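A.B. asks: Structure here, sequence nowhere to be found:
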DNA sequence: CATAATCACTTTACCACTCAATTGATGACA
DNA sequence: TGTCATCAATTGAGTGGTAAAGTGATTATG
C-alpha cells in the first residue's frame, strides 16, 4: 500500500481540525450552557426567522430527522418556539433564546476567529476563505440525489 | 447583532464541507461495506500495527471510550484482533481486515482527492495544505488539559 | 503483607447525526 | 364524498462521538 495522495492529506487535516475545534468550541460554550451545534442552529434561526423546519434543515445541512430532535431539545429548554401553522411548523426564537444567543454571540465569534487569527495573516485568511469556498461549493454539487 | 467575522465564515465553510464530504464518503464506502470512521481507524492500524488502544485513540483523536466501542464492532465483524497482552490489549488487522482495506484503499484516496482536484489547481492545493497544516497545528496547541 | 494508587480498558448516559418507515394533515379527483 | 397522493414532521434503529464512573490487574508503599 503506497503513500497517501495530497488530497487525502488535506482531507485529514480538515477533518482533524474540524473535530478538534468542535471539542474546544463545545468546551468554550459550556459557560453559556450551549453546544456548538445548538449555537449554529440558533444563529441560523435568528438570521432567517421565521422559517420552517425543512428550510432550517437545509441551512444547517442536517436531515429532517436530525433537526426534529434538535429542535425538540431546544424547545424543551425554552429557547425556541414551534407553531403549527397550516401543515408546516414555523420556528422562531423565544426571548430567552434571543438573550442567550446575544449573550454568547460576540465571544463565540471571537473564539472561532482566534483559530485563524493566531496563525494566519489577513492575506492568508482571505486566501483560505477563497479556497474553502470553492471546495465547499464543489462538494455541494456532488450532493446525494435528494437531500 | 452585527455581521459575521471572516474567521467565523471560514469556520462555517470548513464544518459544512467536512460534514458534507463525510456523508458522501460514507455513501461511497458503502460498496465496500465500510464507514468513513472505520476506514480511518483501519488505515491507522495498518500503518502502525501492532499498537495498543490508547495509542490508536491518540492517532485518530478519539476518546478511549469511543475507540473501545468502535473496536468492539470491528472485532465482531472480524476485521481486527485484540490480544490481551500483559495488561494492555494489542490490536492488529486480521487477514479479512487487511483484504478489505486493500480493496478500498485506492478508490477511497482517489475519492477524497477528487474533492480538491475538481476545483483547485496543483498550486492552490499546495497552498490549502500549507494553510490548513498551520491552522490544524495551532488548534492542537489549544488542546484541553488532559486529552 | 495489606492496602492504596495507577493504568488500560469498558460501560453508561447523553448528544448529534444518519436512513428509512410512519404519522397526520391537505388537497385533488373520480 | 371517499380515497389517494403528497408533504412536513416524527420516530426507530444504528453509528460515532463525549464525559465520567466503573472494573480488574499490576505496582508501590507504610
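C.D. replies: Yes, it's here. Every value quoted in this text rests on a predicted model; they were computed, and no experiment measured them.

A.B. asks: Could you check the pLDDT of the residue in chain A that DNA strand D sits nearest to?
C.D. replies: Closest contact between chain A and DNA strand D, by CB to the nearest atom of the strand, is at residue A:65 (2.7 Å). The way it works is simple: take the backbone N, C-alpha and C, and place the C-beta from them, glycine included. Residue A:65 is assigned a pLDDT of 94 by the prediction.

A.B. asks: Can you pull out the low-pLDDT segments for chain A?
C.D. replies: A:1-3, A:87, A:144-147 (pLDDT under 70).

A.B. asks: what residues does it put near DNA strand C?
C.D. replies: A:35, A:37-38, A:40, A:60-66, A:69-70, A:73, A:86-87, A:144, A:147 (CB under 7 Å from any atom of the strand).

A.B. asks: By neighbour count, sort out the buried ones in these.
C.D. replies: A:35, A:37, A:38, A:40, A:60, A:61, A:62, A:70 (16 or more other CB atoms under 10 Å in any protein chain shown).

A.B. asks: re earlier: immediately after the one helix or strand the residue of chain A closest to DNA strand D maps to, which helix or strand?
C.D. replies: Using DSSP states H and E, residue A:65 sits in helix A:64-76. Downstream of helix A:64-76, the next assigned helix or strand under DSSP H and E is strand A:80-85.

A.B. asks: mind listing what's buried in that following strand?
C.D. replies: Under the neighbour-count criterion of 16+ other CB under 10 Å, strand A:80-85 has A:80, A:81, A:82 buried.

A.B. asks: Name the nearest residue to residue A:140, sequence neighbours excluded.
C.D. replies: residue B:20 (6.8 Å; CB to CB, 6 or more residues apart in numbering or on different chains).

A.B. asks: Give me the distance between the helix holding residue A:65 and the centre of its chain.
C.D. replies: 15 Å (CA atoms, centre = their mean, to the nearest Å).

A.B. asks: Next: stretch A:96-104.
C.D. replies: 16 Å.

A.B. asks: Give me the contacts around that stretch.
C.D. replies: Stretch A:96-104 is contacted from outside by A:29, A:32-34, A:39, A:42-43, A:45-46, A:74, A:78-80, A:93, B:1, using CB atoms under 8 Å, 6 or more residues apart in numbering or on different chains.

A.B. asks: Okay, and which of these map to strands?
C.D. replies: Among the contacts of stretch A:96-104, the members found in strands (DSSP state E) are A:80, A:93.

A.B. asks: And the contacts of stretch A:96-104, which of them are buried?
C.D. replies: Neighbour-count burial within the contacts of stretch A:96-104 applies to A:29, A:32, A:34, A:39, A:42, A:43, A:45, A:46, A:74, A:79, A:80, A:93; the criterion is 16+ other CB under 10 Å.
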